[in-house]
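Q: attaching a predicted model along with its sequence, questions to come.
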Amino acid sequence: MNIRPAIPILIADDDPDDCLMIREAFHECRLDTPLYFVHDGETLLDYLRRTPPYQDPQQHPWPGLILLDLNMPRMGGRETLQALKNDPKLRSIPVVIFSTSSSTDDIQHSYRMGASSFISKPSSFSSLVAVVHSLHHYWLEVVALPQHGLPT
């Protein structure tokens, strides 16, 4: 069996309670997945473009997957997704929209803009744990992800 190295997940979500719950759900699933959090789309792009203070790849490794909330300050998820998919150096990173929205318009728009998946945030912790387990299994164990290093 081929064991993959841990694949970092970059999570963009402005709600500290949601961030804590996501971290706890990964812990509850006993997953050692490295999680990195930013709180708006501008900061997510700074992280990926290695803009200070994100230039150290040891402290801020390249993500194999991005979880992106839609409703954030400064630059929301819709604009961030568009910026990611319009940038040749960033467009191959899988982006899972992880939002409280379950709007058909948001779902359709996200897929049209290039989202890899759309997950509505569950309302209970036990449901979040189940989603995290499924998300981890599919994206970090089953799917072959593109190989990334630092963008040039």
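A: Arrived safely, thanks for sending.

Q: what is the burial count for the residue lying closest to E28 once chain neighbours are set aside?
A: Among residues not flanking E28 along the chain, V129 sits closest, at 5.0 Å (CB to CB, 6 or more residues apart in numbering). Bear in mind the C-beta positions are built from the backbone N, C-alpha and C, glycine included. Burial of V129 is recorded as 18 neighbouring residues (other CB atoms under 10 Å).

Q: export stretch 135-142 as CSV, just CAs?
A: Taking C-alpha atoms only, stretch 135-142 is exported to CSV below (Å, rounded to 0.1, in the frame of the first residue of the first chain):
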residue,chain,number,x,y,z
LEU,A,135,-14.2,14.9,2.6
HIS,A,136,-10.9,13.6,3.9
HIS,A,137,-11.4,10.1,2.5
TYR,A,138,-12.4,11.3,-0.9
TRP,A,139,-10.0,14.3,-1.5
LEU,A,140,-7.0,13.0,0.5
GLU,A,141,-7.1,9.3,0.1
VAL,A,142,-9.0,8.4,-3.1
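
Q: go through that stretch and flag the buried ones.
A: Within stretch 135-142, the residues that qualify as buried are 135-136, 139-140, counting by 16 or more other CB atoms under 10 Å.

Q: from the contact counts, what lies against the host helix or strand of D46?
A: Counting by DSSP states H and E, the element that carries D46 is helix 41-48. In terms of contacts (3 or more CB pairs under 8 Å, 6 or more residues apart in numbering; DSSP states H and E), helix 41-48 is packed against strand 9-12, strand 35-38, strand 65-68, helix 77-86.
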